[in-house]
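A.B. asks: Would you be able to build a 3D model of this:
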Amino acid sequence: MQCQIYKSLKRQDTYVYLKGDDPAEILSAQLQQLLGRLEWVMALDLSQRKKLANADIDSVIAALKSQSFYLQIPDNFAATLRADRSDLNNTLN
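C.D. replies: Sure, this is the predicted structure:
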């Protein structure tokens, strides 16, 4: 499975693996705004690999098949996203 990898210029150590070539066609406007400008890093053939340095390859492939992208984020950013989601849920309830 081929994918394109982009890095966020707004969020350090944040990468997006895409099944297609154009982030604007795959990522929601909200996610694009959160990530900011993306810079292409490389193309990667996941079928030629058994593992990745900072992501579980099976999770990446599953996400690419189901939603056409995989978001690799650092732990501190993930905690921020969870807190933001929790605040939003509390506001709506």
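
A.B. asks: okay, CA-based contacts and neighbour counts for the rest of this
C.D. replies: Will do.

A.B. asks: quick one, what contacts the nearest residue to residue 3 once chain neighbours are set aside?
C.D. replies: If the residues on either side of it in the chain are set aside, residue 3 comes closest to residue 19, at 4.8 Å by Cα to Cα, 6 or more residues apart in numbering. By Cα atoms under 8 Å, 6 or more residues apart in numbering, residue 19 lies in contact with 2-4, 64-65, 68-69.

A.B. asks: One more pass at 6 Å, please.
C.D. replies: By Cα atoms under 6 Å, 6 or more residues apart in numbering, the contact list for residue 19 reads 3, 64, 68.

A.B. asks: quick one: which of these has the most company?
C.D. replies: Most neighbours among the contacts of residue 19, by other Cα atoms under 10 Å: residue 3, with 22 neighbours.

A.B. asks: Near residue 12, how many other residues are there?
C.D. replies: Neighbours around residue 12, by other Cα under 10 Å: 12.

A.B. asks: On the pLDDT front, check it for me.
C.D. replies: Note for residue 12: predicted pLDDT of 90.

A.B. asks: Which strand or helix spans it?
C.D. replies: When elements are defined using DSSP states H and E, residue 12 is found to belong to no helix and no strand.

A.B. asks: mind pulling up the phi and psi values for it?
C.D. replies: With angles defined as degrees, to the nearest 10, residue 12 sits at phi -60, psi 140.
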